[in-house]
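Student: Quick one: sequence and predicted model below, then my questions.
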Amino acid sequence: MTYYGGKELADAFRTVRKNTIQMAQDIPEDKYDFKPSPESRSIRQTLAHIATLTTFPTMLHGERIPMEKIDFAEYLKKVGAEEAKLQTKADIVAKLKDAGDTFAAMLEGITDEAFLAEVITFRPGAQPPSRTRFDLLLAAKEHEMHHRGQLMLMQRMLGLTPHLTREGQERMARFAAAAKTN
């Protein structure tokens, strides 16, 4: 018996995506071209990347396309073109919502523990040489959280306070106020 399956993966991903969408909405669109350094992605590029990052796991696990059948050069070209189309804040937020809903629904539909335990072998030379479907599906959420950390730093560089920090500050203020009344 496992305690973390498709439903739990979907719930965790929805929480992460909800926070990413909030961040995308909080950052003013006129700041979307900000880059912390010349070689970095801009806020717009990072959000567009996040909006499309579930394409690969949906293809591999949802459509169940075998790894050896995936033309990575073609895939990267297609995703790059999709990212490039996302130019406005409204386009990015809509894609974050739509792709997030699609991926979460796919995750939620996974009920077979054997499917999650299945080992996917990568092409020769890859490190690691294989991973379970569960690990790869969890990696999509981790990938998004990695980029969200970058976005939080960019928000701070722009003088903005990320919403999770604001919520934590508000919670601590409530705790402090409650302690004073006791």
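Tutor: It's in. Here the structure is a predicted model, which is why all the values come from computation and not from measurement. Numbers count the residues shown, from 1 in each chain.
Student: Tell me how many other residues crowd the closest residue in space to His163 that isn't next to it in sequence.
Tutor: Among residues not flanking His163 along the chain, Gln22 sits closest, at 5.1 Å (Cβ to Cβ, 6 or more residues apart in numbering). (Glycine included, C-beta is placed from N, CA and C.) Using other Cβ atoms under 10 Å, Gln22 has 15 neighbouring residues.
Student: cool, and Asp91?
Tutor: Counted by other Cβ under 10 Å, the residues lying close to Asp91 total 15.
Student: and for the helix or strand where it lies, what are the contacting residues?
Tutor: Element membership of Asp91, judged by DSSP states H and E, is helix 89-108. Residues outside helix 89-108 that contact it (Cβ atoms under 8 Å, 6 or more residues apart in numbering): 6-7, 9-10, 13-14, 17, 20-21, 24-25, 29, 32, 44, 47-48, 50-52, 54-55, 57-58, 61-62, 85-86, 137, 140.
Student: Next, the buried residues of the helix or strand following that helix.
Tutor: Once helix 89-108 ends, the next helix or strand along the chain (criterion: DSSP H and E) is helix 113-117. Of all the residues in helix 113-117, those buried under the rule 16 or more other Cβ atoms under 10 Å are 115-116.
Student: can you give me how far helix 113-117 is from the chain middle?
Tutor: Its chain's C-alpha centre and that of helix 113-117 lie 22 Å apart, by Cα atoms, centre = their mean, to the nearest Å.
Student: Stretch 18-26 now?
Tutor: In terms of Cα atoms, centre = their mean, the centre of stretch 18-26 is found 11 Å from the chain centre.
Student: any idea of the mean pLDDT for it?
Tutor: Averaging pLDDT along stretch 18-26 gives 98.
Student: Ok, stretch 29-44 next?
Tutor: pLDDT averaged over stretch 29-44 gives 97.
Student: How far does it stretch from one end to the other?
Tutor: The first and final residues of stretch 29-44 sit 9 Å from each other (Cα to Cα, to the nearest Å).
Student: Need the residues that contact that stretch.
Tutor: 27, 47, 49, 86-89, 92, 150-151, 153-154, 157-158, 160.
Student: Many thanks, have a good one.
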